[in-house]
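> Next input, structure requested:
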Amino acid sequence: MPNHAEPSAPPQRCRWANPANPRYLAYHDEEWGVPCHDELRLFEMLNLEGAQAGLSWETILNKRETYRAAFDGWDAEKIAAYGPDKVAQLLADPGIVRNRLKVAAAIANAQAYLRLRAEGQTLDSFLWAYVDGKPLQNSGEFPAKTALSDRISKDLAKRGFKFVGSTIVYAYMQGIGMVNDHAAGCFRQRACAALAR
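Numbers count the residues shown, from 1 in each chain. Predicted coordinates:
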């Protein structure tokens, strides 16, 4: 007898995850809210969140691969040494957000990152110390910023990082899993909470 079982319903996700964009769904399902300790990705995400300022995250996510290519795979040593010719090349690249201040910010961030490393710290150790290495659990309250993101924002700015306002930093914290903001009904909420234990 043929099996006419009903097709299973798609998993419930946070409302912001655009079901029409597979790249966005993969980001929601596999990255957002997952604690990240990978140094290269932490540096990449810091710059991408800054590039997002005034735009949608989906716009940046769609350009992520072209950003990686344009910025030498987010190699901080290479980026820190970019001169006028490379800046002109980046500002002519349609694959990224061609904003002079944002390009300059990526260079400043690479330089600030290298200074951090020279002091014997990593982005991983610097950032995760704020939460004692344990992600915060918010169950989808979605504040735009918090007292903690205010503090991290000020500390990053003092160290020379650019485009690190509190709202950008809070979005960064969500993206790298320092805070689990998946909605209570989202299938990823419990999974990300379990990773925090």
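
> Could you check how far residue 9 is from residue 26?
19 Å (CB to CB, to the nearest Å). Every C-beta, even on glycine, is put in place using the N, C-alpha and C of the backbone.

> right, I mislabeled it, should have said residue 10
Per CB to CB, residue 10 is found 14 Å from residue 26.

> for this structure, what's the longest helix?
Using DSSP state H to define each element, the chain has its longest helix at helix 100-118.

> From the chain's centroid, how far away is that helix?
Computed by CA atoms, centre = their mean, to the nearest Å, the chain-centroid distance of helix 100-118 equals 16 Å.

> helices or strands up against that helix?
Contacts defined by 3 or more CB pairs under 8 Å, 6 or more residues apart in numbering; DSSP states H and E place helix 100-118 against helix 39-52, helix 76-80, helix 84-91, helix 123-128.

> For that helix, which outside residues touch it?
43, 46-47, 50-51, 53, 71, 76-80, 82, 87, 90-91, 122-123, 126, 156, 159-163 (CB atoms under 8 Å, 6 or more residues apart in numbering).

> Pull out the buried members of those.
Using 16 or more other CB atoms under 10 Å as the burial test, the contacts of helix 100-118 include 43, 46-47, 50-51, 53, 71, 76, 79-80, 82, 90, 123, 126, 156, 159, 161-163 as buried.

> Wait, residue 180 touches residue 137, no?
Yes: counting by CB atoms under 8 Å, residue 180 does reach residue 137; the two are 5.1 Å apart.
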